[in-house]
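In: Could you look at this predicted model? Sequence included:
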Amino acid sequence: MSEQSTDRIAFIGLGTMGSRMSRRLVEAGFEVIGFDPVEAARADLVAAGGRAAATPTEAITGADYVILMLPSSLVVESVLDDAALLDALKPGIAVIDMSSSEPESTRKLSGALTERKLTLVDAPVSGGVRGAETGTLTIMAGGPDEAITAVRPILAPLGTVRHVGGTGAGHAVKAINNLLAATNLLAAAEGVAAGRRFGVDPSVIIETINTASGRSAATQLKFPQNILPATYDSGFALALMLKDMRIATDLARSVGAPATLGEQAVELWSRAAADLDPAADQTDIARWVDRPRNS
Ligand code: NAD
């Protein structure tokens, strides 16, 4: 790639997060060509100043970087399990999987890409819709030093890169983060439900806990922004959170680490997912916890 040319980024997966992240990359001056099966998502990228491709292969052809922001490892595997697509990638470039994927799957895919002299960097994010919009995501990167150095310029407009280890380490830390976030949220929801039923105003409970030792992102962000106003609109699906929790407990099991509390949390979130609408937001867990008991 020449010094004068604008780096071209292929962006696959233009959903809640991908739409905002791809827009930031356009605003940072990159040429962004995106693909998503949803037509409205492609149209949003075009409206933001990017270009839309009709297939993933069209998007990645000629790209200097490829970013994936897809729901799960299953979808990432389905996209990368395409010889025509892999053949169309520029030699030597890095594919950056920013989805919250499974570390073991990432390691397998990395092996397959390495055979083709390509690199897979895992770079999942935390910070939600607001972090994606404002470029303040925490990016948990896994991969070799030189690959992380090579992708830093395009990750910079999206947030702060933390290089946490080798291939798959980013996806491992992300899953562990979300297991903690989900467990904290469940615990906070149970605490607020108990206090409310005892007669204390939930906003007073949250304001007080936020100046005390029980606070967490659940009490500092999710309760004030999405649960107390009863909007349940954090923009992160409950089903995706449960997927991440299972990745973390599977990881713990695979390395023989204890996950007793995590598995209890998975059990409760699974029951919530079965009771609630498939499109439920993660913050719906709080109203599920505080539902009338005989339902
Ligand atoms: P989303 O469901 O809103 O977006 C996923 C997009 O992928 C959709 O637009 C979908 O049409 C598209 N897609 C599905 N199959 C595809 C394919 N084969 N090729 C191209 N595109 C395809 O999900 P999201 O909330 O944007 O999350 C994306 C990833 O980021 C997930 O792994 C999630 O766990 C993670 N994440 C989400 C948040 C959040 O707050 N929403 C925060 C951090 C991480």
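Out: Now that the structure is in, tell me what you want to look at. Numbers count the residues shown, from 1 in each chain.
In: phi, psi of residue 213?
Out: Main-chain torsions, residue 213, degrees, to the nearest 10: phi -80, psi -10.
In: same check, this time on residue 92
Out: phi 80, psi 0.
In: Make sure it is actually in contact with residue 117.
Out: Yes - at 6.0 Å, residue 92 counts as touching residue 117 under the criterion of Cβ atoms under 8 Å. Any C-beta I mention is one placed from the backbone N, CA and C, and that applies to glycine too.
In: Check what pLDDT the single nearest residue of the chain relative to the ligand gets.
Out: At 1.8 Å from the ligand, residue 15 is the closest residue in the chain, using Cβ to the nearest ligand atom. Residue 15 carries a pLDDT value of 98.
In: residue contacts, it?
Out: 36, 38, 41, 69, 71 (Cβ atoms under 8 Å, 6 or more residues apart in numbering).
In: Same question for residue 54.
Out: Taking Cβ under 8 Å, 6+ apart, one finds residue 35 in contact with residue 54.
In: ok, back up a step: ok, and which of the contacts of residue 15 reach the ligand?
Out: 36, 38, 41, 69, 71 (Cβ under 6 Å from any ligand atom).
In: Against residue 63, how distant is the fourth one?
Out: To tie it back to what came earlier, the one meant is residue 69. According to Cβ to Cβ, to the nearest Å, residue 69 and residue 63 sit 15 Å apart.
In: Who has more neighbours out of these two?
Out: Using other Cβ atoms under 10 Å, the more surrounded residue of residue 69 and residue 63 is residue 69, with 28 against 22.
In: if we can go back for a sec, just the buried residues of the contacts of residue 15.
Out: The neighbour count (16 or more other Cβ atoms under 10 Å) marks 36, 41, 69, 71 as buried among the contacts of residue 15.
In: if I look at the first one, how far off is residue 69?
Out: Distance, residue 36 to residue 69, by Cβ to Cβ: 9 Å.
In: Spit out the residues that contact these two alike.
Out: Contacts common to residue 36 and residue 69, judged by Cβ under 8 Å, 6+ apart, are 12, 13, 14, 15, 18.
In: who's in contact with the first one?
Out: For residue 12, the contact set (Cβ under 8 Å, 6+ apart) comprises 18, 34-36, 56, 59-60, 66-70, 79.
In: got a winner among these for most neighbours?
Out: In those, the most neighbours by other Cβ under 10 Å go to residue 34, 30 neighbours.
In: Show me which positions of stretch 200-209 end up buried.
Out: Buried, per 16+ other Cβ under 10 Å, within stretch 200-209: 202, 205, 206, 209.
In: Enumerate every residue touching the first one.
Out: For residue 202, the residues meeting the contact criterion (Cβ under 8 Å, 6+ apart) are 192, 195, 196, 223, 228.
In: Kindly recompute the last result at 6 Å.
Out: Residue 202 makes contacts with 192, 196, as judged by Cβ atoms under 6 Å, 6 or more residues apart in numbering.
In: when you give positions from now on, start the count at 4
Out: Understood, numbering begins at 4; the last thing we discussed is residue 205.
In: And it, how far from residue 186?
Out: Distance from residue 205 to residue 186, by Cβ to Cβ: 20 Å.
In: Repeat that for the third one.
Out: As judged by Cβ to Cβ, residue 209 and residue 186 stand 18 Å apart.
In: sorry, back to before: ok, the contacts of residue 15 vs residue 253, which is closest?
Out: Closest approach between the contacts of residue 15 and residue 253, by Cβ to Cβ: residue 73, at 18.8 Å.
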